[in-house]
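Colleague: When you get a sec, could you give me coordinates for this:
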Amino acid sequence: MPDVPKDIARKISTLPEKFNKEEMMKRILDNVDVITEVRAIVATQPRLSGIGKKTPEILEIPIGGVDDANQLIKFADSILGKDIGINDVFSEGQYVDVAAITKGKGWQGVVKRFNVKILPKWHKHRKGYRRIGAIGPQNPALTFTTPRPGQMGLHKRTEYNKRILRIGMNGAEITPSSGFPHYGVIKGPYIVLEGTVPGVVKRLVTLRFPVRPRPQTYPTGKVQIVWLSTQPLQGV
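Modeller: Next up is the predicted model:
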């Protein structure tokens, strides 16, 4: 807003100083018959994590569990302005889906991007060997399955059904004596998952209830961790 004074622009971009909650709740309850979904706008608290980040991430999370809009609104009102911990949503032994932005690798060719076999190098008529032999018919169009160069990484990816092994409040329980490489020391609550997690260190990772639940034959309940190594990881 270049034409707006700074003091006015600051007030526009933030919450109002005077907010009548009762009036807004009355307006919401008057239209409860047409409400089909209730969502909560939440924000992370990176200053409490110890990773040196200041700007929080803002997410919009739907509230579910029941079909009654009155109960959803009542629950949203009860958590308004409060901290929501990991124990309030998930529990040990539960399966979750993990979503994050993968590590970016820039523009890559077909060999690295799609693991295409490298062609022999000794033919004089060939114009390159880190490429595919033919891209296929161009009429009516190239197929989407044809390996082509392009952006690799820096995509949102979801890992399904990762089991929660442990949820703790003291990060010193699992932090190695030298700290985690490229991260440091965990100073607050933590969560241990079974399997891989997409993304790079210190990047936002979101968890959700599984959309493809495991069959009931899979183990559930708390996991007994017999031994947890806290040996230094420098140089590993």
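Colleague: For the rest of this, base every contact and every neighbour count on C-alpha atoms.
Modeller: Fine.
Colleague: Counting residues, name the longest strand you see in the chain.
Modeller: Using DSSP state E to define each element, the chain has its longest strand at strand 156-168.
Colleague: Tell me the helix or strand right after it.
Modeller: Going down the chain from strand 156-168, the next helix or strand is strand 190-193, by DSSP states H and E.
Colleague: counting contacts, what elements does that following strand pack onto?
Modeller: Under the contact definition 3 or more C-alpha pairs under 8 Å, 6 or more residues apart in numbering; DSSP states H and E, strand 190-193 sits against strand 156-168.
Colleague: Residues contacting the strand it packs on, please?
Modeller: Residues from elsewhere that reach strand 156-168 (C-alpha atoms under 8 Å, 6 or more residues apart in numbering): 86-87, 91-102, 189-198, 210, 212-214, 222-223, 225.
Colleague: Just the buried residues from those, in ChimeraX please.
Modeller: One line in ChimeraX is enough to select the buried ones among the contacts of strand 156-168; burial here means 16 or more other C-alpha atoms under 10 Å:
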select :91,92,93,94,95,96,97,98,99,100,101,102,189,190,191,193,197,198,210
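Colleague: Can you flag which of the contacts of strand 156-168 belong to strands?
Modeller: Tyr95, Val96, Asp97, Val98, Ala99, Ala100, Ile101, Tyr190, Ile191, Val192, Leu193.
Colleague: Give the closest residue to the last one in space, chain neighbours not counted.
Modeller: Looking back up the chat, that one is Leu193. Spatial nearest neighbour of Leu193, excluding adjacent residues (C-alpha to C-alpha, 6 or more residues apart in numbering): Ile164 at 4.7 Å.
Colleague: distance of that neighbour from His123?
Modeller: Applying C-alpha to C-alpha, to the nearest Å, the value for Ile164 to His123 is 54 Å.
Colleague: Of the two, which one has the most company?
Modeller: Ile164 (22 against 10; other C-alpha atoms under 10 Å).
Colleague: pLDDT score for the more buried one?
Modeller: Among the per-residue scores, Ile164 shows a pLDDT of 93.
Colleague: same thing with the one 4 residues further on?
Modeller: pLDDT, Gly168: 89.
Colleague: beta partners of it?
Modeller: Beta-bridge partners recorded for Gly168 (DSSP bridges): Tyr190.
Colleague: Any figure for the gap between it and Ile191?
Modeller: Relative to Ile191, Gly168 is positioned 6 Å away (C-alpha to C-alpha).
Colleague: Show me how the protein divides into domains.
Modeller: 1-84, 86-104+155-236, 105-152 (automatic domain parsing).
Colleague: Can I get the longest strand of the chain in PDB, CA atoms only?
Modeller: What follows is strand 156-168, C-alpha atoms only, in PDB (Å, rounded to 0.1, in the frame of the first residue of the first chain):
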ATOM      1  CA  LYS A 156       4.900 -30.900  -1.700                       C
ATOM      2  CA  ARG A 157       4.900 -34.600  -1.000                       C
ATOM      3  CA  THR A 158       2.900 -36.700   1.500                       C
ATOM      4  CA  GLU A 159       4.100 -39.800   3.200                       C
ATOM      5  CA  TYR A 160       1.200 -42.100   4.300                       C
ATOM      6  CA  ASN A 161       0.800 -44.000   7.500                       C
ATOM      7  CA  LYS A 162       3.800 -43.200   9.600                       C
ATOM      8  CA  ARG A 163       3.500 -44.600  13.100                       C
ATOM      9  CA  ILE A 164       4.100 -42.400  16.100                       C
ATOM     10  CA  LEU A 165       6.700 -44.100  18.300                       C
ATOM     11  CA  ARG A 166       7.000 -41.500  21.100                       C
ATOM     12  CA  ILE A 167       5.800 -38.100  22.100                       C
ATOM     13  CA  GLY A 168       7.800 -36.200  24.700                       C
END
